Structure formats: structure tokens, C-alpha cells
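Colleague: Mind folding the following:
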Amino acid sequence: MSNTTYNGNVSISNKYNIDIIGQGYNSSYINGNVSINNSDYCDLSYIKTKEISTNNSWISLYSLKADRFSIYGDEVQINYCRFSSGQAPNQITNCDGTIGFSNITDCMIGVYLVSNSAYNIGNNYFCQNESDIYAFSGSVAYAKYNTYSYNPYQSCFGNVIISGTTNTCGLYKLAKRNLFNGLQIDKGDLSKQEFSSVDQQYLDLLQDINNEKVSIGTFSIKEYENDYDAIIYLYKDFLAKYPKAEEASTAVFRTVHCYQQKDDYKGYYDFIQSLLTDKKYDIIKPNVERHLVNNFIHMKEYNEAVESADKVISYSKNDENLYCELLYEKGLIYKYQLKNKDKAGEMFLKILKEYPNNKIINYAEFELNKFDIKVGKESQNERKLARASIGFTCESYPNPFNPSTTISYFLPSESNVKLIIYDIMGRRINSLITDTQIGGRYKIVWDGTNYNGVKVSSGIYIYRFEAMLLSNNKPFVKSAKLMLVK
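Modeller: The predicted model follows:
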């Protein structure tokens, strides 16, 4: 592809060995979406486009730029790419692959794995995402040597294995809840020291396997079976000694992962059952039972997975995060495995209705909207009421800023909206929006200019956000300081 702009969508179906190679993503631009279906050995490189979607195709994405990606089935390798401004998650469904040396910024979810996906995600730069990596519904993400939007144990949710040196990009969004039990090592605590020793052996094993994959392109699990057995023994020994330790749930998670790597799902099941029948592990029972859900999904025993999820929900009435997580998991099972969109809709709606301030509602809403899940008229009204109960929100990031800042806001339903910038003396500098908008989440960038497009001087400014619900004339006003530094 030459140095040009192609206006339109590109669709490839039932083809092999198709390459789209540009002159660089600053030169070769497809002003539309790229869709690849049932095609293998395709290569997209050195281009810029809007959205990339693949379906049951073996694809390599290399050194390209796009808003977001959506991948379903087969294998997709992503390296040295840039993805940003995705208003929906970068979703991977029922797929294996690698994401490496890429920039994933300003997205709803940087990488969103569902339905038995497995990805190596290494040496990437995540920044200003609402969350970085999300692995649910039987999926697993091996994340190492990444830079994250903030603390990786708060920006990565679900079945995410974090290893290697980690950094944060330093540009924060709103703090998120912690769905993943991160490890905090206290050298004065014997249980923590022992867990740290075992965990380091586990991480060293993962690194050895990764090195072999890189050097020869594959590895034999048989060669590492004894190593996994040894790690399983050490974690089980730790659990026997310290069943009430903070790290106990993480030790269960690591042990389960070793069984998964060995493809020993009977051992996985027997291990979980042994913990559930031993009263000394009652304190971690909900987290233990939670692993049975993934086991049943892998075995394609989806109704049993739902029953197991119901047990966890019954145990976790006082744990809002785990309760919402399992409702969400049930919704994913109904949606992707059992193909029951009505039941899926009920689960996602239940989260919105009962826990409207829990952060997982973002993802429940996304699942409801993505495939236009239909719910009954009464449920639709409940959903509107649930959304309305969340209330208005408005935040800016980064702050201080240079050269621009993003103001994000949420409207519970259709509203009249104004967003005005003032200087410290109260003089109006710029009007960013005056409009009527439907309910939802929005972002708008102020680039530090006035009405005439001229850059303003460094200093303190005020944004004033005004919104009024059309349904009941309920007003909302927020003013906050912005600091422009040069």
C-alpha cells in the first residue's frame, strides 16, 4: 500500500496468504475498518486504520496503529502495534496468541480475554486505560515485563499471572477496585517469606518455559511435568502449614494454574474438592469454589459451571467484589457458552440494579450493549432506573497537564450538557460542549486553547460541568481546578 489514504472498509474472507503492507502508519491510512474472516496466514503491517476485527483466522499484526481490535477464534499475533482511544474493550474471544512490544493507551480495557482464551502479554506499555488486562470465563493471561496504567494488581483483573519487572506510566485515571489478590511481601512474617520462596521458583519455571518458546518457537510440556509436580507439592505444603495466611488464595490460584499447564483437569478438580471438604480452609472457601467454575467451563460442563457460580455467590453476600464478579461470570457463561442472551441479560442487569456503584458495571453494560441483548420491558425500565441511580460523574486527567487534559463524564440518562473553561479571575476562556446527549460515558479533550484557538499561558483554570436530566430536570453542577504547566 502506497503513501495514501483509502476511504472505506476493507473486508477479507476465505483467503490465504494475503498481506496488507503499508509504508508506515503515518503514511498509509485505511480510513475505515479492517475485517478478516476465515482466512489464514495473513499479515497486516505498517498501516493505520480504525478497528481491526478477525474471525477464525490466523493473523499477524505488526507495527500498525488502530483505535481498537476485536478477535474471535484461532490465533492472532500482535507485535509493535499501537492501540488507543478505544471506547469499547480490545476483546479476544476463544483465541490464543501473543501481544508484545505494543502501546495500548486510553482504552476502556487494554486487553479483554473471555471464553477460554490464552495470551502471552509481555513488554507492552499500558497507560491511561480504565483497566489494563481482564481474563475471565476460563481465560488466562501471562503478563510480564509490562508498564501498567497504575499498580498492576489493581489494573489487572481475573485470571492474570503477573511476573517480571513492572512499572507504571505515571498518568493515573480514577483508582479502581482490586479484583486480583496481589502479593505484598513482609520479610518479618514467616509465612510470607516461605510463600515468596515458593513463588519465586514458580516464576522462574515460567521464565524458563518462555525462554524456550522464544529460542525454538515451542516447548514440550512433558519435559517440564516433573517441575510442575514439584511446584504443586510446595504450594500444597504451604497451604497445609498456613491455611489462613493472606497468600493462601494466591497459592490455590498458582496450584490450579500448574494443573492447567499439565492439562491435568482431574488433578485440578480433585485438588479443589480436597480443599472444599477440609474445614480448615473454610476461610478461603469462596475463592476455592470459584476455581471450579473455570474447571467446568474447560470441561464444557456449562450447567455445572453455573451451579458452581451460584454456590460462590451464596458464600459471598458480604464480599461485594466477589459477588459481582461471579454474577458477571455467570452472564458470560450464559452469553458465550450456553447462548442464552436472556439469562445473560438478567445477570448483567442484576449487577446494575443491586450494585450500581461497583466498577464492574462498566463491563456488564458493555456486554449488554455489544450484542444488543434484549430484556423484557420491565427489565428495561429497571435498567434505566439502575443507571439513573449511579448519578452524574465528572473527572479530569491528567492534572496538572501539558499540553492537554481529558475530561470524562457520565450521564445516567439523556441530559442537557455544558462544559465551560474559566480562568482564575472567572473570565470565560472556552466552551467545550453545549449539547443534548443520551445517557452514557463521554470524554472531551481540552488542548489548552481559548475560543480563538490560541494557546493560553500556564496557570490555574477552572472547568465547570453542568448537566440536567430531561426526564425530571434534576441538575448536576461540578467545578474543579485544572493546572496547565509548561
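
Colleague: How far away from the center of its chain is the helix or strand hosting Ala141?
Modeller: Per DSSP states H and E: Ala141 is located in strand 140-144. Distance of strand 140-144 from the chain centroid (Cα atoms, centre = their mean, to the nearest Å) equals 12 Å.

Colleague: Tell me the helices and strands packed up against it.
Modeller: The contact analysis (3 or more Cβ pairs under 8 Å, 6 or more residues apart in numbering; DSSP states H and E) places strand 140-144 against strand 109-114, strand 118-122, strand 131-135, strand 156-158, strand 160-163, helix 190-216. Using the backbone N, CA and C atoms, a C-beta is placed for each residue, glycine as well.

Colleague: Parallel or antiparallel, list what pairs with the second one.
Modeller: The strands beside strand 118-122 in its sheet (DSSP bridges) come out as strand 96-100 (parallel), strand 140-144 (parallel).

Colleague: which residue packs closest to Thr393, ignoring adjacent ones?
Modeller: Excluding the flanking residues, the one nearest Thr393 by Cβ to Cβ, 6 or more residues apart in numbering is Phe410, at 4.4 Å.

Colleague: distance of that neighbour from Glu354?
Modeller: Going from Phe410 to Glu354 by Cβ to Cβ, to the nearest Å gives 19 Å.

Colleague: Looking at these two, which is more packed in?
Modeller: Neighbour count, other Cβ atoms under 10 Å: between Phe410 and Glu354, Phe410 has more, with 17 against 13.

Colleague: Restricting to C-alpha, output the host helix or strand of that one in PDB.
Modeller: Secondary structure assigned from DSSP H and E places Phe410 in strand 405-411. Output of strand 405-411 as PDB, limited to C-alpha atoms (Å, rounded to 0.1, in the frame of the first residue of the first chain):
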ATOM      1  CA  THR A 405      -6.200  17.100  29.600                       C
ATOM      2  CA  THR A 406      -9.200  14.800  29.100                       C
ATOM      3  CA  ILE A 407     -12.400  15.500  31.000                       C
ATOM      4  CA  SER A 408     -14.500  12.300  31.400                       C
ATOM      5  CA  TYR A 409     -18.200  12.300  32.500                       C
ATOM      6  CA  PHE A 410     -21.100  10.000  32.900                       C
ATOM      7  CA  LEU A 411     -24.800  10.800  32.200                       C
END
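
Colleague: elements contacting that strand?
Modeller: Secondary-structure packing of strand 405-411 (3+ Cβ pairs under 8 Å, 6+ apart): strand 393-397, strand 415-423, strand 440-446, strand 459-469.

Colleague: Parallel or antiparallel, list what pairs with that strand.
Modeller: Applying DSSP bridges, strand 405-411 is found paired with strand 393-397 (antiparallel), strand 440-446 (antiparallel).

Colleague: from memory Ala118 sits against Val160, does it?
Modeller: No. With contact defined as Cβ atoms under 8 Å, Ala118 and Val160 do not form a contacting pair (11.6 Å).

Colleague: and the end-to-end length of stretch 83-98?
Modeller: 15 Å (Cα to Cα, to the nearest Å).

Colleague: Can you mark which positions in it are buried?
Modeller: 83-84, 86, 88-95, 97-98 (16 or more other Cβ atoms under 10 Å).

Colleague: Now pLDDT and distance to Asp278 too, for the residues you listed, in TSV please.
Modeller: Shown next, in TSV, are those (pLDDT from 0 to 100; distance: Cβ to Cβ, whole Å):
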residue	pLDDT	distance to Asp278
Phe83	92	45
Ser84	86	48
Gly86	61	45
Ala88	70	43
Pro89	80	38
Asn90	88	41
Gln91	88	38
Ile92	89	36
Thr93	83	36
Asn94	75	35
Cys95	82	37
Gly97	83	38
Thr98	87	39
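
Colleague: Now compare these and name the two farthest from each other.
Modeller: The largest separation in the buried residues of stretch 83-98, counting by Cβ to Cβ, is between Ser84 and Asn94 at 25.3 Å.

Colleague: So Asn399 belongs to a helix, correct?
Modeller: No. Looking at Asn399 with DSSP: H, G, I helix; E, B strand; the rest coil, it is coil, so not inside a helix.

Colleague: so what's it up against?
Modeller: Neighbouring residues of Asn399 by Cβ atoms under 8 Å, 6 or more residues apart in numbering: 405, 481-483.

Colleague: Next step: the residues you listed restricted to strands.
Modeller: If you go by DSSP state E, the contacts of Asn399 have 405, 481-483 in strands.

Colleague: give me the low-pLDDT residue ranges for the stretch 151-300 of the chain?
Modeller: Applying pLDDT under 70 to the stretch 151-300 of the chain flags the ranges 170-190, 210, 213-219.

Colleague: ok, which stretches of it are helices?
Modeller: Here the stretch 151-300 of the chain has its helices, by DSSP state H, counting those that start in this stretch, at 152-155, 190-216, 225-241, 248-261, 265-276, 285-298.

Colleague: Now tabulate the ones you listed in TSV and tack on distance to Phe476.
Modeller: Output for these, formatted as TSV (distance: least, Cβ to Cβ, whole Å):
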stretch	distance to Phe476
helix 152-155	28
helix 190-216	46
helix 225-241	50
helix 248-261	40
helix 265-276	47
helix 285-298	37
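
Colleague: can you redo those helices as CSV with mean neighbour count and distance to Arg427?
Modeller: Converted to CSV, the helices of the stretch 151-300 of the chain look like this (neighbours: other Cβ atoms under 10 Å; distance: least, Cβ to Cβ, whole Å):
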stretch, mean neighbour count, distance to Arg427
helix 152-155, 20, 39
helix 190-216, 15, 56
helix 225-241, 17, 64
helix 248-261, 22, 55
helix 265-276, 17, 65
helix 285-298, 22, 56
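
Colleague: Lys50: which of these is closest?
Modeller: When these are compared by Cβ to Cβ, helix 152-155 sits nearest Lys50, at 25.3 Å.

Colleague: what about the nearest residue to Ile232 once chain neighbours are set aside, distance to Ala143?
Modeller: In space, Ile232 comes closest to Cys258 once its chain neighbours are excluded; the distance is 4.9 Å by Cβ to Cβ, 6+ apart. As judged by Cβ to Cβ, Cys258 and Ala143 stand 17 Å apart.

Colleague: ok so, going back, for Lys455, which of the strands paired with strand 118-122 is the nearest?
Modeller: Between the strands paired with strand 118-122, strand 96-100 lies closest to Lys455; by Cβ to Cβ that is 36.6 Å.

Colleague: Tell me which residues are up against the helix or strand just after the closest one.
Modeller: Sequence-wise, the next helix or strand downstream of strand 96-100 (DSSP H and E) is strand 103-105. Strand 103-105 has contacts (Cβ under 8 Å, 6+ apart) with 81-84, 90, 110-111, 124-129, 132.

Colleague: for strand 103-105, the distance to its chain's centre please.
Modeller: Worked out by Cα atoms, centre = their mean, strand 103-105 lies 13 Å from the chain centre.

Colleague: Equivalent analysis for stretch 234-241, please.
Modeller: 31 Å.

Colleague: can you check stretch 153-169 too?
Modeller: For stretch 153-169, the distance to the chain centre is 11 Å (Cα atoms, centre = their mean).

Colleague: Could you list the buried residues of it?
Modeller: In terms of neighbour count (16+ other Cβ under 10 Å), stretch 153-169 has its buried residues at 153-163, 166, 168-169.
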